[in-house]
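Colleague: Mind folding the following:
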Amino acid sequence: MSAKKYWNSRVKNLDPYTPGEQPKGTKVIKLNTNENPYPPSPAVLDAIQNAANGELRLYPDPTCTELRTAIAERYNVQIENVFTGNGSDEVLAFAFGAFFEPQNTPGMPPLLFPDITYSFYPVYAALWNIKYKQIGITDDFSIDVKDYFTKASGVVFPNPNAPTGKALSAKEILSVAEYQKDNIVIVDEAYYRFGAQSVVPFIKDHPNILTIHTLSKSESLAGLRAGFAIGAKEQIRALESIRDSFNSYTLDRIAQAGAAAGIRDAAYYDDIIKKIVGTRERISSELRVNGWTVVPSSANFILIKAPGSSGEAVFNKLRENNIIVRHFKKDRIKDFVRVSIGTDNEMDEFLSVCKKIQTENYAGGVENHRSREEGLIVYPVFSRRSDGLSIGINLWTEKKVCSFDCPYCEVFDFHHENKFLLSDMKAKLDEAITRAFKQGIPIKDICFSGNGEPTMSKDFPSALDEVIKIRNKRAPNAEIVVITNATGFIQGETFNFLTKAVRSGGVMLWVKIDAGTEYWYNKIDASNIPFEQLTKNIKAFAGIAPFIIQTMHCTVNSEAPSDTEISAWCDFVVQLAETGNIKCVQIYGKARPSPHDPVCAQLPLESLNAREKVLKEKLELNGFQNIPVKVFE
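Modeller: This is a model prediction of the structure:
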């Protein structure tokens, strides 16, 4: 028989609050519980250390005099207007018990709060057996105060609201207090310091307003558990009566000391809050530019929706990338996720993953490209080399196609006679650009690749010319990339054409230089073009226009490049660096194993990193330490 038989009806009927996940370990970016990403004030840590002394044997001050004094001074109220508790959640729970009647009270109207709001409110109401009614927020996620001009036993809402982040003005809140002058109006001001207006200054003239505050958000003390309320003296005495019916010692000595120091160091936290608000606005702006829906926020979080993705899908995809956010399954916000504002570095990583999610949705996913229709001319994919949407141009439709994810992905042999047509390319490219714009996805580049050496195609000059025209007209911020192994440089006409295109601006050459010795060149490229002639032409181009070097670091027929080969390759890169035209060097491992390419195989990341180290050392020795070197596993 279940031990639950001993539970009373109150417990059996409870649907408890579910707190945000607190993951163990340090390899995740935690953006799910609206904690402050910056550490507490040094004054707080000093106060905590000083309080950790022999007096811990004694009970703490039950009236929290030092902390309440600090709060009263900070908010320009009397100490009798301040109540403290073990976090704002405890203070809220006491307030529900102090001010709202049980639902079996004859003729008692409901307590009012928004339908999309802090999910602890209905839990408190159920715990105290309070009748309540949830008031729908508007289509733009605002609270319409006129909806609260009705018969009620009280009103509760956060300002700014959570999880929307939208705030009301003090004037709007006071209008509710005026209408509900016979009832308590609780304003949960947990997030107000990030952009909303506090109504604490108006409590003197509106004794039915009670504000609730926490030190978990703006003061970086979520782990300390300290909160407080500010209200009329009579309301504070009611809260004290509820508290002293449970536990007179809700805040220990260490918490009281740390919280008081945090309240007093306003200057330190003002700087942190300013930084968080700046990051919030920057990230919100970038997401909106990329087509995401971002609810305007006055808090330390944002509620966002990705174009073409469910909230659950975005939540899961972020989690796969070690970023934890909050997803709510309520119908009105199930397609959104709530994201706490982290440090600039954390939010940049978050933004990068968001762009990846969005672009993969558009392009069908990096993995899904392998099952696509054969013979594609225009081929959008998420590209790890550009960290965004790359629209590939394939000039070898009757032979093979590359994923454009990087220059060394799988190559597929096709057994049919698809032909490249310039008119088809123009139409398909225009269609791909239009679709990207409609979904708010920025186009990073338009890429000639295909592992079929685009410069060797008879269609390359006319195709590049048309792509330049389309890019200039429709996607001027997109770069045009030509990935080549430089075999086309042998042809003087192509050499001159490419040089002119690169010099005109907006066209970048990504030159694959896979070998530093003739031996390895013959193994990895299997080309009939003499190695000496190839290196000569690359050097000639390097002296004329900027370009990016790419190399594949892998085994060929189970043989890995030797130390001699790697050293020779690095020396060649240094010679090219002397021209001043190398923009970046990228070292790739084999993208993924494939039956279509059984010759080359992946080397461990440590091997790629070792090659990177040798190159960086040689570049630095020769004064070229500013040339970026990137490794792609």
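Colleague: ok, which stretches of the stretch 501-633 of the chain are helices?
Modeller: 518-524, 531-542, 563-577, 605-621 (DSSP state H, counting those that start in this stretch).
Colleague: Pull out the buried positions in the shortest one.
Modeller: Within helix 518-524, the residues that qualify as buried are 520-521, 523-524, counting by 16 or more other Cβ atoms under 10 Å. Placement of C-beta: from N, CA and C, glycine included.
Colleague: min pLDDT across those residues, which one?
Modeller: Lowest in pLDDT among the buried residues of helix 518-524 is Ile524, which has 75.
Colleague: Contacts only, for that residue.
Modeller: If you count contacts by Cβ atoms under 8 Å, 6 or more residues apart in numbering, Ile524 has them with 514-515, 552, 556, 600.
Colleague: Sort out for me which of the residues you listed are in strands.
Modeller: If you go by DSSP state E, those have 552, 556, 600 in strands.
Colleague: Just list the residues touching the nearest residue to the second one once chain neighbours are set aside, thanks.
Modeller: Distance criterion Cβ to Cβ, 6 or more residues apart in numbering; nearest residue to Val556, sequence neighbours excluded, is Lys523 at 4.8 Å. Lys523 sits next to 515, 556-557, 559 when contact means Cβ under 8 Å, 6+ apart.
Colleague: which of those residues sit farthest apart?
Modeller: Across these, the longest distance by Cβ to Cβ is 14.7 Å; it joins Ala515 and Asn557.
Colleague: Check which helix or strand the nearest residue to His206 once chain neighbours are set aside maps to.
Modeller: Excluding its sequence neighbours, the residue lying closest to His206 (Cβ to Cβ, 6+ apart) is Ala177, at 4.7 Å. In this structure, Ala177 is located in helix 170-179 according to DSSP states H and E.
Colleague: and if you look at Thr105?
Modeller: Secondary structure from DSSP H and E places Thr105 outside every helix and strand.
Colleague: Could you do Thr279 as well?
Modeller: Following DSSP H and E, one finds Thr279 within helix 266-289.
Colleague: got TSV for the contacts of Ile524, with neighbour count and distance to Pro60 too?
Modeller: Putting the contacts of Ile524 into TSV (neighbours: other Cβ atoms under 10 Å; distance: Cβ to Cβ, whole Å) gives the following:
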residue	neighbour count	distance to Pro60
Asp514	21	70
Ala515	23	73
Met552	24	65
Val556	17	71
Cys600	18	68
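Colleague: Just name the closest of those to Val28, please.
Modeller: Met552 (32.2 Å).
Colleague: how close does that closest one get to Pro561?
Modeller: 10 Å (Cβ to Cβ, to the nearest Å).
Colleague: ok, Glu431 - how many residues close by?
Modeller: A count of neighbours around Glu431, defined by other Cβ atoms under 10 Å, yields 12.
Colleague: Tell me who's in contact with the closest residue to it other than its chain neighbours.
Modeller: The shortest distance from Glu431 to any non-neighbouring residue, by Cβ to Cβ, 6+ apart, is to Val378 (7.7 Å). Contact analysis of Val378 by Cβ under 8 Å, 6+ apart lists 391-394, 425, 428-429, 431-432.
Colleague: Max pairwise distance over these: which two?
Modeller: Pairwise over these, using Cβ to Cβ, the maximum falls at Asn394 and Glu431, 15.2 Å.
Colleague: Regarding Thr293, what are the backbone dihedral angles?
Modeller: Torsion angles at Thr293 (phi, psi; degrees, to the nearest 10) stand at phi -90, psi 120.
Colleague: Quick one: neighbours of it, just the number.
Modeller: The burial count for Thr293: 14, using other Cβ under 10 Å.
Colleague: Next: Ala232.
Modeller: 18.
Colleague: Just give the nearest non-adjacent residue to it, would you?
Modeller: In this structure, Ala232 finds its nearest non-sequential neighbour in Pro207, 3.8 Å apart by Cβ to Cβ, 6+ apart.
Colleague: Spell out, range by range, the helices that occur in the stretch 301-450 of the chain.
Modeller: All helices of the stretch 301-450 of the chain, identified by DSSP H, counting those that start in this stretch, fall at 311-320, 344-363, 422-438.
Colleague: Quick check: which of those is nearest to Asn609?
Modeller: Asn609 lies closest to helix 344-363 among the helices of the stretch 301-450 of the chain, at 20.4 Å (Cβ to Cβ).
Colleague: Could you tell me which residues within the closest one count as buried?
Modeller: The neighbour-count criterion (16+ other Cβ under 10 Å) identifies 346-347, 349-350, 353-363 as the buried residues of helix 344-363.
Colleague: which pair in these spans the largest distance?
Modeller: Glu346 and Ala363, at 26.0 Å, using Cβ to Cβ across the buried residues of helix 344-363.
Colleague: In stretch 127-135, which residues are buried?
Modeller: For stretch 127-135, by 16+ other Cβ under 10 Å, it's 127-128, 130-132, 134-135.
Colleague: just checking, Glu234 touches Pro207?
Modeller: Yes. The pair Glu234 / Pro207 is scored as a contact, 7.1 Å apart, by Cβ atoms under 8 Å.
Colleague: neighbour count winner among those two?
Modeller: Using other Cβ under 10 Å, the more surrounded residue of Glu234 and Pro207 is Pro207, with 15 against 9.
Colleague: tell me the contacts of that one?
Modeller: 231-232, 234-235.
Colleague: now, among those, which is nearest to Asn13?
Modeller: For those, the nearest to Asn13 is Gln235 (28.8 Å; Cβ to Cβ).
Colleague: Shouldn't that closest one be within a strand?
Modeller: No. Assessed with DSSP: H, G, I helix; E, B strand; the rest coil, Gln235 is helix; it does not lie in a strand.
Colleague: out of the contacts of Pro207, who's nearest Cys447?
Modeller: Nearest member of the contacts of Pro207 to Cys447, counting by Cβ to Cβ, is Gly231, at 62.8 Å.
Colleague: where does the residue nearest to that closest one when sequence neighbours are not counted fall, phi/psi-wise?
Modeller: Once flanking residues are discounted, Gly231 sits nearest to Leu210: 4.0 Å by Cβ to Cβ, 6+ apart. Taking degrees, to the nearest 10, you get phi -120, psi 120 for the backbone angles of Leu210.
Colleague: so what's Leu210 bridging to?
Modeller: Ile186 (DSSP bridges).
Colleague: So it versus Ile203, what's the distance?
Modeller: Following Cβ to Cβ, the distance that separates Leu210 from Ile203 is 8 Å.
Colleague: more neighbours, these two?
Modeller: A count of neighbours by other Cβ under 10 Å puts Leu210 above the other of Leu210 and Ile203, at 29 against 22.
Colleague: hmm, back to that, what's the overlap in contacts for Leu210 and Ile203?
Modeller: If you check Leu210 and Ile203 against Cβ under 8 Å, 6+ apart, the residues they both contact are 230-232.
Colleague: Now do the buried residues in stretch 208-219.
Modeller: Neighbour counts over stretch 208-219 (16+ other Cβ under 10 Å) mark 208-219 as buried.
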